[in-house]
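Asks: Just to be clear, the model below is a prediction. Sequence and coordinates:
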There are 2 protein chains.
Amino acid sequence: MTEKVVIIGSGPAGHTAAIYAARANLNPLMFEGIQAGGQLTTTTVIENFPGFQEGINGMELMTKMKEQSLHAGVRILSEEIHSVQLSSRPFKVKSQTQELESETLIIATGATAKKLNIPGEEQFWQRGISACAVCDGALPAFRNKVLVVIGGGDSAAEEALHLSRFGSKIYLIHRRDQLRASQIMQKRLLKNPKIEIIWNTVVTEAKGQKILESVNLKNVQNGEIKNLACSGLFYAIGHTPNTNFLKNQILLDKEGFIITQSNSTKTSIKGVFACGDVQDRYWKQAITAAGTGCMAALETERFLTGVD
Amino acid sequence: MTEKVVIIGSGPAGHTAAIYAARANLNPLMFEGIQAGGQLTTTTVIENFPGFQEGINGMELMTKMKEQSLHAGVRILSEEIHSVQLSSRPFKVKSQTQELESETLIIATGATAKKLNIPGEEQFWQRGISACAVCDGALPAFRNKVLVVIGGGDSAAEEALHLSRFGSKIYLIHRRDQLRASQIMQKRLLKNPKIEIIWNTVVTEAKGQKILESVNLKNVQNGEIKNLACSGLFYAIGHTPNTNFLKNQILLDKEGFIITQSNSTKTSIKGVFACGDVQDRYWKQAITAAGTGCMAALETERFLTGVD
């Protein structure tokens, strides 16, 4: 049997696509992947997803979305897609136990925040360490506290500026002696009295009791190590899109994100749609991902109806 | 005092923008307008907003979003903005009792489904009459029932095709003797055995006891009136964006929707951002509107930080 639509991934984009596709009677099949629920399941409270007055736990939100998908009739397999064949339709997808064909594909495999793999990182992840300043900066734990941002690009500069609205002092740690951030960003950083840039330095360890209390900094020029007390450590060193299984099959940008058309989830292959963080290097929010999931399902329906 | 950001409108786009802006410490001020909560407050159950397993009542969802905005610190005024002055910054906005200045504006005033103003329309609105087939088509009340769609453009054709997945028979009622829909849409309509087009005809009345049970159809060529039993009446005659107060101030398309840049909520005026249905003639879903609300707040923050 050829499926009408296979959805790969199970974050906010994947589940929104699934709910819309199921309600359009397309009988979608979802492969959840190894991290069912996506990145949100590794966070704590989410205060910026609209509809939940006092915030909601990330795992709880994704459990609700999964139940909603099941309620709408989505079939969900807890497996990962290892390879796809997109050169002709129906497309072929392969997981550990399944090999099947589908008329359309919705790719919602997300992205993974890059990590440093330093001691303490795992222990204090979401206990002081965050990969999203916009999501977490406003949390009480970071108000009027010393915060550390790692990175040297526009995102790092922007996260430092964002955090300066909350923290008492923001250190931007950069391994080189100049930023990759644009001139205008640099100017804003240097003008901000709360922000201090520490050059030629890397974070080598995250330390604390139950929550993060300090980081070790190493000067890469002289090897000197210093301890810096802080309550927050924000990674702004980028995300890796989960597109390894798509190489040479579909148009990706140089960092591996799927390229989609403007105001659309259409990819370089007709009948293959991409939504959420796997195609978004800019917004990266649960609610924007969910919006594109809806778009992917509506475009899939149009494609299957033969009107687009 | 000059406000940092004024948000006009209070649907999913407006509240998502408000929540993000408040969490970025921008202290936003929202003008709710005359229909607090927007279009969703006139619907019944919403099954496609992710996060609510068994659906949620439209009014309830918007109450939750408003409480979330208040919880985040948004100041909300139950007034409508009558006029704005966008020719120089700070912008000026005027409501019945307020006249104030703001460095930025987020416009989220939405759109209004066009109505026919026929007898029975108000009585059966959301009791058989719907302006969104994608939202409501899958509801049990319409399964295996006779459904009627009004309109002649691509949206009407698409809604008829969508509804053919649920209803037993779909009548597309059009006032002329040919469709404005594209050739490919027309072909699909004509090929679909469930769909029948009734030409040169208008709906003159919606009838029933507690819910819609039939419509009166009038042939515009011979004036003949017939009654047609049906369980659903879907309006696909377009939406009117709520932009009257913006005329000659900002770039609108020929139907009055605000023109925004690609993958952005930036308008023709620097510092003015638009999100939700007021700038979207294509997706028109609560979750896509919410996504653009988030984008508007993030772009407003960048603008105020001086980095964009």
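Replies: Right, received. Where do you want to start?
Asks: Can you list the residue ranges for helices in chain A?
Replies: A:12-23, A:58-72, A:121-124, A:133-136, A:154-163, A:183-191, A:286-305 (DSSP state H).
Asks: out of those helices, deepest packed?
Replies: helix A:12-23 (a mean of 32; mean count of other C-beta atoms under 10 Å in any protein chain shown). For the C-beta atoms, the positions are set from N, CA and C on the backbone; glycine is no exception.
Asks: name the helices or strands packed onto that helix?
Replies: Counting contacts by 3 or more C-beta pairs under 8 Å, 6 or more residues apart in numbering or on different chains; DSSP states H and E, helix A:12-23 is packed against strand A:2-8, strand A:29-31, helix A:58-72, strand A:99-107, helix A:286-305.
Asks: could these go into JSON lines alongside mean pLDDT and distance to B:His174?
Replies: Shown next, in JSON lines, are the helices and strands packed on helix A:12-23 (pLDDT from 0 to 100; distance: least, C-beta to C-beta, whole Å):
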{"stretch": "strand A:2-8", "mean pLDDT": "98", "distance to B:His174": "30"}
{"stretch": "strand A:29-31", "mean pLDDT": "98", "distance to B:His174": "37"}
{"stretch": "helix A:58-72", "mean pLDDT": "97", "distance to B:His174": "32"}
{"stretch": "strand A:99-107", "mean pLDDT": "98", "distance to B:His174": "30"}
{"stretch": "helix A:286-305", "mean pLDDT": "97", "distance to B:His174": "19"}
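Asks: Could you pull up the residues touching the closest residue to chain B within chain A?
Replies: Per C-beta to the nearest C-beta, A:Gly291 is where chain A lies closest to chain B, at 2.6 Å. By C-beta atoms under 8 Å, 6 or more residues apart in numbering or on different chains, the contact set of A:Gly291 is A:16, B:283, B:285, B:287-292.
Asks: For stretch A:34-50, what is the distance to the chain centroid?
Replies: On the basis of C-alpha atoms, centre = their mean, to the nearest Å, stretch A:34-50 sits 10 Å off its chain's mean C-alpha point.
Asks: Could you count how many residues lie near the closest residue in space to A:Leu86 that isn't next to it in sequence?
Replies: Among residues not flanking A:Leu86 along the chain, A:Gln249 sits closest, at 4.6 Å (C-beta to C-beta, 6 or more residues apart in numbering or on different chains). Neighbours of A:Gln249 under the rule other C-beta atoms under 10 Å in any protein chain shown: 18.
Asks: Can you check what pLDDT the model gives A:Gln183?
Replies: pLDDT for A:Gln183: 87.
Asks: where's it relative to A:Gly33, distance?
Replies: Here the criterion is C-beta to C-beta, to the nearest Å. By it, A:Gln183 lies 40 Å from A:Gly33.
Asks: try A:Val220
Replies: 36 Å.
Asks: of the two, who's got more company?
Replies: Neighbours of A:Val220 and A:Gly33, each counted by other C-beta under 10 Å, are more numerous for A:Gly33; the result is 23 against 13.
Asks: That one: what's it in contact with?
Replies: Counting by C-beta under 8 Å, 6+ apart, A:Gly33 touches A:8-10, A:79-81, A:109, A:242.
Asks: one step back: make TSV from the helices and strands packed on helix A:12-23 and add distance to B:Gly167 to it.
Replies: Converted to TSV, the helices and strands packed on helix A:12-23 look like this (distance: least, C-beta to C-beta, whole Å):
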stretch	distance to B:Gly167
strand A:2-8	19
strand A:29-31	25
helix A:58-72	18
strand A:99-107	23
helix A:286-305	15
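Asks: For A:Ala206, which of these is the nearest?
Replies: For these, the distance to A:Ala206 is smallest for helix A:58-72, at 20.6 Å, taking C-beta to C-beta.
Asks: The closest one and chain B, any residue contact?
Replies: Yes: counting by C-beta under 8 Å from any C-beta of the partner chain, contacts between helix A:58-72 and chain B involve A:61, A:64-65, A:67-68, A:71-72.
Asks: Can you give me the domain boundaries for chain A?
Replies: Structurally, chain A divides into domains by automatic domain parsing as follows: A:3-112+A:239-304, A:115-235.
Asks: ok, back up a step: turn the helices of chain A into CSV, including distance to B:Thr260.
Replies: As requested, the helices of chain A are exported to CSV (distance: least, C-beta to C-beta, whole Å):
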stretch, distance to B:Thr260
helix A:12-23, 21
helix A:58-72, 28
helix A:121-124, 39
helix A:133-136, 21
helix A:154-163, 21
helix A:183-191, 22
helix A:286-305, 14
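Asks: Flag every residue of the stretch 151-300 of chain A that's near chain B.
Replies: A:157-158, A:161-162, A:165-166, A:182, A:184-185, A:188, A:262-263, A:282-283, A:285, A:287-295, A:298.
Asks: change it to 6 Å
Replies: By C-beta under 6 Å from any C-beta of the partner chain, the residues of the stretch 151-300 of chain A that approach chain B are A:161, A:165, A:184-185, A:188, A:262, A:283, A:285, A:287-288, A:290-291, A:294-295.
Asks: sorry, back to before: drop anything exposed from the contacts of A:Gly33.
Replies: Buried members of the contacts of A:Gly33, scored by 16 or more other C-beta atoms under 10 Å in any protein chain shown, are A:8-10, A:80-81, A:109, A:242.
Asks: Determine the number of other residues adjacent to A:Ile150.
Replies: A:Ile150 is flanked by 23 other residues according to other C-beta under 10 Å.
Asks: That one and A:Ile173 touch, don't they?
Replies: Yes: using C-beta atoms under 6 Å, A:Ile150 is in contact with A:Ile173, at 5.0 Å.
Asks: Quick check: neighbours shared by the two?
Replies: A:Val203 (C-beta atoms under 6 Å, 6 or more residues apart in numbering or on different chains).
Asks: List the residues that contact A:Thr97.
Replies: Contacts of A:Thr97 (C-beta under 6 Å, 6+ apart): none.
Asks: Check A:Thr41 too.
Replies: A:Thr41 touches A:58-59, A:62, counting by C-beta under 6 Å, 6+ apart.
Asks: Please name the nearest non-neighbouring residue to it.
Replies: Counting by C-beta to C-beta, 6+ apart, the nearest residue to A:Thr41 once its immediate chain neighbours are dropped is A:Met59, at 5.0 Å.
Asks: What's the separation between the one you found and A:Leu139?
Replies: With C-beta to C-beta as the criterion, A:Met59 and A:Leu139 are 17 Å apart.
Asks: circling back to that earlier point, now distance to B:Glu196 too, for the buried ones among the contacts of A:Gly33, in CSV please.
Replies: CSV is the format used below for those (distance: C-beta to C-beta, whole Å):
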residue, distance to B:Glu196
A:Ile8, 38
A:Gly9, 40
A:Ser10, 40
A:Glu80, 46
A:Ile81, 42
A:Thr109, 42
A:Asn242, 46
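Asks: ok so, going back, out of the helices of chain A, which comes closest to A:Lys270?
Replies: That would be helix A:286-305 among the helices of chain A, by C-beta to C-beta, at 7.5 Å.
Asks: Using CSV, list the CA coordinates for the closest one.
Replies: Provided in CSV are the C-alpha atoms of helix A:286-305 (Å, rounded to 0.1, in the frame of the first residue of the first chain):
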residue,chain,number,x,y,z
ALA,A,286,7.8,26.5,18.9
ILE,A,287,4.9,28.7,17.7
THR,A,288,6.5,29.6,14.4
ALA,A,289,7.3,26.0,13.8
ALA,A,290,3.7,25.0,14.5
GLY,A,291,2.6,27.7,12.0
THR,A,292,4.7,26.2,9.3
GLY,A,293,3.5,22.7,10.1
CYS,A,294,-0.1,23.9,9.4
MET,A,295,1.2,25.3,6.1
ALA,A,296,2.9,22.0,5.1
ALA,A,297,-0.3,20.1,5.7
LEU,A,298,-2.4,22.5,3.6
GLU,A,299,0.1,22.5,0.8
THR,A,300,0.2,18.7,0.9
GLU,A,301,-3.6,18.5,0.6
ARG,A,302,-3.5,20.9,-2.4
PHE,A,303,-0.8,18.8,-4.0
LEU,A,304,-2.7,15.6,-3.5
THR,A,305,-5.9,17.2,-4.8
